[in-house]
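>>> sequence first, then the predicted structure, then my questions.
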Amino acid sequence: MSADSPLFLVLDLTGTFAFALNGALTAIRVARLDVVGVVTLGMITALGGGIIRDILLGSLPPATFSDWRYLAVAATGSLIAFGFGRRLDQLAGSILVLDAAGLSLFAVSGASLALDSGVGFGQASFPQDVPVVEMSAEAGAALVEYIETEAAAGRQVTMTVTTSTVSEVRESENVIAETTTGRTDRVVVSGAHLDSVAEGPGINDNGSGSAAQLEVALQMAELGIEPRNQVRFVWFGAEEAGLVGSAYYVDQLTKAELKDIAVMLNFDMVGSPNPGWFVYDGDASDTASTGSTGSGVVEDVFVDFFESIGRETEPTAFDGRSDYDAFVAAGIPAGGLFTGAEDIKTAEQAAKWGGTAGDAFDPCYHQACDDLDNVNLVALGEMTDALAHAVLTFAMTSSAVQGTDKGSDNATKYDPTFRGSRAIK
């Protein structure tokens with residue numbers, strides 16, 4: 001129930017009236033005050049709690065002073081009690097009844113106002129960070145087996161968990177470089193995240209994408225390429241913390257600046273050691289993907305390039321696991337490349353791409369072994385060539401990306417299942 005709803009106002013005013021009667025009857029019975037005293041005590045009883053509540057919740061000025069109806073109801077209740085107090089006082093427990101009624105009504109209205117203001121009760125308000133300890137599936141299975149064995153022998157298992165953690169606010173940065181020429185109302189954004197997880201150096205995830213993008217930017221400068229449309233290279237920070245850098249970047253853009261971005265190209269993990277050649281499914285034709293309108297054009301540019309060099313590709317879904325997330329949510333056409341992470345390579349994939357079936361595309365994903373030996377140079381080279389091809393294709397095009405494709409019916413609503421590497425569903 002919103003504090004702006006008519007029901008809230010009715011409950012609040014009814015509680016005010018009940019407390020005014022209560023306070024005034026107390027003044028008559030205990031202090032035997034005159035009409036001024038009765039009305040004063042009645043109004044203090046009726047309005048005092050609400051004033052304190054509003055001040056504590058930061059609802060200023062308090063409703064008592066901003067809405068004349070509170071003063072009118074409190075004064076009316078007090079005068080009624082003064083005029084008919086003797087009769088009301090003859091009713092058994094009248095003061096207790098009114099006190100209970102007022103407390104009940106104010107409890108409901110007060111709780112509603114507090115919840116509307118974002119205050120929680122009994123525990124932390126949500127969403128809230130909650131400490132979580134996790135273990136691998138293998139360790140969990142071993143633990144379950146041990147517990148079952150001990151239980152079968154009639155023994156009880158007690159487990160003690162000790163952690164050493166750090167929780168602090170840190171600053172990160174996005175690194176941005178853009179061409180000095182090209183139309184600024186058709187900007188091509190090429191993105192890769194700079195950070196890694198704390199567990200490892202992150203050479204594939206995502207030194208590979210960052211390095212590939214940097215090489216393309218350097219070659220464009222060295223060759224003196226002057227694009228028709230401005231190219232903006234962005235190395236995002238804090239991707240592994242939940243896509244923080246890219247979300248901030250998109251959030252701080254104005255509506256006009258968002259409209260000026262023609263396309264976003266994303267390169268995250270493009271050198272996996274047991275690689276696959278994946279292209280984001282922009283038209284949602286092969287996956288439960290939800291790319292924004294125009295993303296099918298981006299997919300076609302990548303697929304056509306790989307076909308030209310005889311390389312088979314497979315589609316991968318826009319599931320929210322990388323920095324394209326905020327751009328797609330904003331309706332900007334997007335696409336990109338990926339060579340695989342923790343998923344297992346099938347026999348069919350190994351037959352067309354090489355590598356080892358039954359192993360992860362990147363066995364060192366988010367681990368300490370994601371070092372310089374964890375990169376497939378063939379995959380990285382082809383992915384870098386595809387990156388350069390797509391950047392220059394969109395940098396030199398004279399047509400708007402959104403205007404060349406309507407997208408599929410499946411790609412009209414973005415509904416990610418991840419926020420970075422963290423599942424949200």
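Looks like it arrived, so ask away.
>>> where does pLDDT dip in the stretch 1-150 of the chain?
For the stretch 1-150 of the chain, the stretches with pLDDT under 70 are 1-5, 8, 29-32, 85-103, 105-106, 109-110, 113-129.
>>> what about the helices in it?
Ranges of helices in the stretch 1-150 of the chain, per DSSP state H, counting those that start in this stretch, are 6-26, 35-56, 63-66, 68-89, 94-116, 137-152.
>>> show me what the first one is packed up against.
It stands for helix 6-26. For helix 6-26, the packing partners by 3 or more C-beta pairs under 8 Å, 6 or more residues apart in numbering; DSSP states H and E come out as helix 35-56, helix 68-89, helix 94-116. For glycine as for every other residue, the C-beta is placed from the backbone atoms N, C-alpha and C.
>>> 10 Å instead, please
If you count contacts as 3 or more C-beta pairs under 10 Å, 6 or more residues apart in numbering; DSSP states H and E, helix 6-26 packs onto helix 35-56, helix 63-66, helix 68-89, helix 94-116.
>>> and it, how far out from the chain's middle?
Mean C-alpha position of helix 6-26 versus that of the full chain (C-alpha atoms, centre = their mean, to the nearest Å) differs by 41 Å.
>>> can you mark which positions in it are buried?
8-9, 11-26 (16 or more other C-beta atoms under 10 Å).
>>> how far off helix 68-89 does it point, in degrees?
The directions of helix 6-26 and helix 68-89 differ by 40 degrees, with axes from the mean of the first three to the mean of the last three C-alpha atoms, to 10 degrees as the criterion.
>>> and helix 6-26, C-alpha only, in CSV?
This file holds the C-alpha atoms of helix 6-26, laid out as CSV (Å, rounded to 0.1, in the frame of the first residue of the first chain):
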residue,chain,number,x,y,z
PRO,A,6,-6.5,6.9,-0.4
LEU,A,7,-6.6,3.9,1.8
PHE,A,8,-3.4,5.0,3.6
LEU,A,9,-4.9,8.4,4.2
VAL,A,10,-8.1,6.9,5.6
LEU,A,11,-6.2,4.6,8.0
ASP,A,12,-3.9,7.4,9.2
LEU,A,13,-6.8,9.9,9.8
THR,A,14,-8.9,7.2,11.5
GLY,A,15,-6.0,6.4,13.8
THR,A,16,-5.5,10.1,14.5
PHE,A,17,-9.2,10.4,15.4
ALA,A,18,-9.0,7.4,17.8
PHE,A,19,-6.0,8.7,19.5
ALA,A,20,-7.6,12.2,19.8
LEU,A,21,-10.5,10.6,21.6
ASN,A,22,-8.2,8.6,23.8
GLY,A,23,-6.0,11.5,24.8
ALA,A,24,-9.0,13.8,25.5
LEU,A,25,-10.8,11.1,27.6
THR,A,26,-7.6,10.6,29.6
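>>> helix 35-56 and that one, what's the angle between them?
Using the same axes, to 10 degrees, the direction of helix 6-26 lies 140 degrees away from that of helix 35-56.
>>> thinking again about what came up before, among the helices of the stretch 1-150 of the chain, which is the most enclosed?
Using mean count of other C-beta atoms under 10 Å, the stretch among the helices of the stretch 1-150 of the chain with the largest mean neighbour count is helix 6-26, at a mean of 22.
>>> please name whichever of the helices of the stretch 1-150 of the chain is nearest to E173.
Set against E173 and scored by C-beta to C-beta, those come closest in helix 137-152, at 35.5 Å.
>>> list the helices and strands that closest one packs on?
The contact analysis (3+ C-beta pairs under 10 Å, 6+ apart) places helix 137-152 against no helix or strand.
>>> residues in contact with that helix?
Contact with helix 137-152 is made by E134, M135, S136, R155, Q156, V157, M159, as judged by C-beta atoms under 10 Å, 6 or more residues apart in numbering.
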